[in-house]
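Enquirer: Please find the sequence and the predicted model below.
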Amino acid sequence: MSSETTLLRRISRSRTDRLLGGVCGGIARATGIDSLVVRVAVVALTVAGGTGALLYVVAWLMLPEEGSDRSLAHAAAVDRGRDLGEVLAIGSIVLGVILLVRATGVWFSDALVWPLLLAGVGLAVIWRQAGDEDRSSIMKVVDRLPRPGAGPAPADLRSRRAALARVALGVALVVSGVGAFLAASDAFSAVRQGVLASAGIVGGLALITGPFWVRMGRDLASERRKRIRSEERAEVAAHLHDSVLQTLALIQRNADDPRAVVTMARRQERELRGWLFENEQDMPGAETLAAGLARAGEEVEGLHGVSIDVVAVGDLPLDDRTRALVAAAREAMVNAAKWSGDETVSVYAEVRDGEASVFVRDWGAGFDLETVAPDRHGVRESIVERMARHGGKAVVRSTLGEGTEVELRL
Amino acid sequence: MTSTAKPRVFLVDDHELFRSGVRAELGDSVDVVGEASEVRAAIEMILERRPEVVLLDVHLPDGGGRAVVQGVAPQAPEVRFLALSVSDAAEDVIGVIRAGARGYVTKTISGPELADAIRRVADGDVVFSRRLAGFVLDAFAASPGPSADPDLDQLTAREQEVLRLIARGYPYKAIAKELVISARTVETHVSSVLHKLQLSNRHDLTRWATERRLI
């Protein structure tokens, strides 16, 4: 989802921070810009060619009010579909009259009439679709328009700031009126005329086709969301079927062999955990010491049916030396799994100041180091000598009846 | 708080299956005085029944185990919490510990071990799993930088030794033997670590927890 669509979706016309339609207040809330700044910008755009007012009306039509999910334009298009004919008919008549007037030469300027006409149509649509709040704010503005003979506006203005903004709006309207007049009487350059005309056309097109595009954009976005969700669901279902359901079936079949059941459940647990968290963890495959040890633990667990719990503090990338460390640790795990008789083997790895230590601990039978037969190559060759070859060392501590700990340092 | 009577235990977990599993595993070793599956009901019932130990699932809808601790602690500070988690996400675990839980164990723990952990928590002790010990070592490993309270922000050499042995899989008794200290002293060190874990303002503690999961 692009950030623009989410931003657009977040904008709604404010119910609380509003002078007219709540458009500026809504934009201010969605973007974090002060609403006064937004209002000044709109006024400035109005003064400089009239687009500000037009865009304001367009936004009023297109943005849903806070708490509602439908814009006035949307409501007009959906609810009052049958009114559309009426609108079209009236519109055609008006257009015809205007063209007729234009042909007779009694005419101001295209640049003045069309934008005003469009804005008028927009206001009419707003009026027709507006809720009470929209309507009352329009009425308020109309009430406060200076009228001949009327005194100053009543002093029940909501706040000084609102009053100031209203004055600014009035000034802007006057200035833009003067500007439009000057433009119409060719006091400005032809370039200016062109800009006004194209702004009018763009604004008109936006006004007419806008609701359609907005609706289509929203529909597309929600459809894409739905599709992504259903793809995810399919993936999860496939994965659960391949792994978890299979394991559950196996467990049911092996219900009378608790050891096998535990092994299968643990393997499934690891697998599922890895699958669930793989995206959130920056640990690619077995490229680090901790990951290598975890994988070695899994393998030994699978082969010998004991549970091997790896806890790691700090980590190192895997190279020849750390690979040797993992291999030696794996051998120690195998020994513990095979000979100790304990059901859990604790593996603890720690990297401190560039030095890696791995402890493999069981609390099983233990043995007497002196009496180990010389043909038991496991400890001597796989562990002690392998560590020595890579500049590390291995210490095996064991007490009969209190288990064994193999300490590897590198 | 007597260790002779059976500890009065309350279960909070949103999985009925897991609760009945725990009840069955604990069997006669504890006295289960109630159970709840959601935060609000849990707080209400715990305040009413005043168990000694609450076995608390870290993952609950509506705020997690943390919300339960925070809801109960002000009114019933004597109730102790043992967090039980399957997720091992560091931020969850550290969250519930910092809220005030006295220990943390994984759901794969065996029945007798769990009963033992409950008894220790009921006696006022602290229960650290191997993972939690590893986590604390890792989180306190980096130098804390400028620190408002160095006593809280750093582990003593002895505390590190104790934690390291826990992480290596040593029970308290074996740790005491290895370090030639009394089991009571081991317990004191672990309590002190828990205290630091709950009160330290080390900024990297939280960051560490969110960046990593305890696998």
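Expert: Arrived safely, thanks for sending. Numbering: from 1, shown residues only, chains lettered A, B, ... in the order given.
Enquirer: Name the residue of chain B that lies nearest to chain A.
Expert: For chain B and chain A, the shortest gap (Cβ to the nearest Cβ) falls at residue B:169, measuring 2.8 Å. In this view, the C-beta of every residue, glycine as well, is placed from N, C-alpha and C.
Enquirer: thought that residue was touching residue A:360?
Expert: No: using Cβ atoms under 8 Å, residue B:169 is not in contact with residue A:360; the gap is 9.2 Å.
Enquirer: quick check: domain ranges of the chain?
Expert: No chain specified, so I'll use chain A. Taking automatic domain parsing as the reference, chain A has its domains at A:3-225, A:283-409.
Enquirer: Hmm, no, I was thinking of chain B.
Expert: B:1-125, B:130-215.
Enquirer: and those, which one is worst for confidence?
Expert: Lowest mean pLDDT of the domains of chain B: domain B:130-215, a mean of 78.
Enquirer: roughly how far is it from the heart of the chain?
Expert: 13 Å (Cα atoms, centre = their mean, to the nearest Å).
Enquirer: which residue sits closest to residue B:9, ignoring its sequence neighbours?
Expert: Nearest residue to residue B:9, sequence neighbours excluded (Cβ to Cβ, 6 or more residues apart in numbering or on different chains): residue B:30, at 4.6 Å.
Enquirer: Hmm, residue B:115 and that neighbour touching each other?
Expert: Yes: if you go by Cβ under 8 Å, residue B:30 and residue B:115 touch, sitting 6.3 Å apart.
Enquirer: out of these two, which sits in the more crowded spot?
Expert: Taking neighbours as other Cβ atoms under 10 Å in any protein chain shown, residue B:30 and residue B:115 compare with residue B:30 leading, 23 against 20.
Enquirer: so how far is residue B:6 from that one?
Expert: 5 Å (Cβ to Cβ, to the nearest Å).
Enquirer: what does residue A:259 give?
Expert: Applying Cβ to Cβ to residue A:259 and residue B:6 gives a distance of 31 Å.
Enquirer: longest helix anywhere in chain B?
Expert: helix B:183-199 (DSSP state H).
Enquirer: hmm, who's touching it?
Expert: Contacting residues not belonging to helix B:183-199 are listed as B:94, B:97-98, B:100, B:102, B:125-126, B:128, B:136, B:140, B:152-153, B:155-156, B:158-159, B:162-163, B:166, B:172-173, B:175-176, B:179, B:205 [Cβ atoms under 8 Å, 6 or more residues apart in numbering or on different chains].
Enquirer: just the buried members of the residues you listed?
Expert: B:94, B:97-98, B:100, B:102, B:125-126, B:128, B:136, B:140, B:152-153, B:155, B:159, B:162-163, B:166, B:172, B:175-176, B:179, B:205 (16 or more other Cβ atoms under 10 Å in any protein chain shown).
Enquirer: related to what we said a few turns ago, list the contacts for the residue nearest to residue B:9?
Expert: B:6, B:7, B:8, B:9, B:53, B:115, B:118, B:119.
Enquirer: could the residues you listed go into a markdown table alongside secondary structure?
Expert: Output for the contacts of residue B:30, formatted as a markdown table (DSSP: H, G, I helix; E, B strand; the rest coil):
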| residue | secondary structure |
| --- | --- |
| B:6 | coil |
| B:7 | coil |
| B:8 | strand |
| B:9 | strand |
| B:53 | strand |
| B:115 | helix |
| B:118 | helix |
| B:119 | helix |
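Enquirer: I'd like to know which of these is nearest to residue A:247.
Expert: residue B:115 (28.5 Å; Cβ to Cβ).
Enquirer: Would you quantify the distance from the spatially most central residue of chain B to residue B:72?
Expert: Among the residues of chain B, the one closest to the centroid is residue B:103, at 1.3 Å (Cα atoms, centre = their mean). The gap separating residue B:103 from residue B:72 is 16 Å, by Cβ to Cβ.
Enquirer: Would you check that residue B:120 makes contact with residue B:113?
Expert: No: assessed by Cβ under 8 Å, residue B:120 is found out of contact with residue B:113, at 10.6 Å.
Enquirer: what about these two, which has more around it?
Expert: Neighbours were counted for residue B:120 and for residue B:113 using other Cβ under 10 Å; residue B:120 has more, 20 against 16.
Enquirer: What lies in contact with the host helix or strand of that one?
Expert: Assigned by DSSP states H and E, residue B:120 belongs to helix B:111-122. Outside helix B:111-122, the residues that touch it by Cβ under 8 Å, 6+ apart are B:1, B:3, B:7, B:9, B:22, B:25-27, B:29-30, B:52-53, B:55, B:80-82, B:102-103, B:105, B:109, B:126-127.
Enquirer: could you say which helix or strand contains the closest residue to chain B within chain A?
Expert: Chain A approaches chain B most closely through residue A:346 (2.8 Å), counting by Cβ to the nearest Cβ. Using DSSP H and E, residue A:346 sits in strand A:344-352.
Enquirer: any residues touching that strand, and which ones?
Expert: Against strand A:344-352 from outside (Cβ under 8 Å, 6+ apart): A:289-290, A:293, A:297, A:300, A:306-316, A:329, A:333, A:336-337, A:356-362, B:130, B:134, B:137, B:141, B:164, B:167-169.
Enquirer: Going by neighbour count, list what's buried in that strand.
Expert: Using 16+ other Cβ under 10 Å as the test for burial, strand A:344-352 gives A:344, A:345, A:346, A:347, A:348, A:349, A:350, A:351.
Enquirer: Sheet partners, orientation included, of the helix or strand that that strand is followed by?
Expert: Following strand A:344-352 in sequence order, the next helix or strand is strand A:355-362 (DSSP H and E). Counting by DSSP bridges, the strands paired with strand A:355-362 are strand A:344-352 (antiparallel), strand A:403-409 (antiparallel).
Enquirer: what sits against residue A:94?
Expert: residue A:117.
Enquirer: right, I mislabeled it, should have said residue A:56
Expert: Applying Cβ under 8 Å, 6+ apart, we find residue A:56 in contact with A:20, A:21, A:23, A:42, A:46.
Enquirer: From these, keep the buried residues only.
Expert: Among the contacts of residue A:56, those classed as buried by 16+ other Cβ under 10 Å are A:20, A:21, A:23, A:42, A:46.
Enquirer: Kindly indicate whether the first one is helix, strand or coil.
Expert: Assigned by three-state DSSP, the conformation of residue A:20 is coil.
Enquirer: try the last one
Expert: The three-state label given to residue A:46 by three-state DSSP is helix.
Enquirer: Now do the helices in chain B.
Expert: Assignment of helices within chain B using DSSP H yields the ranges B:16-26, B:39-49, B:64-72, B:90-99, B:111-122, B:130-139, B:150-153, B:157-167, B:172-179, B:183-199, B:203-211.
Enquirer: Dihedrals phi and psi, the nearest residue to residue A:368 once chain neighbours are set aside?
Expert: Leaving aside its sequence neighbours, residue A:368 sits nearest to residue A:400 (Cβ to Cβ, 6+ apart; 6.1 Å). Dihedral pair for residue A:400: phi -60, psi 130, per degrees, to the nearest 10.
Enquirer: again with residue B:59
Expert: Dihedral angles (degrees, to the nearest 10) for residue B:59: phi -100, psi 100.
Enquirer: distance of it from residue A:276?
Expert: Counting by Cβ to Cβ - residue B:59 and residue A:276 are separated by 13 Å.
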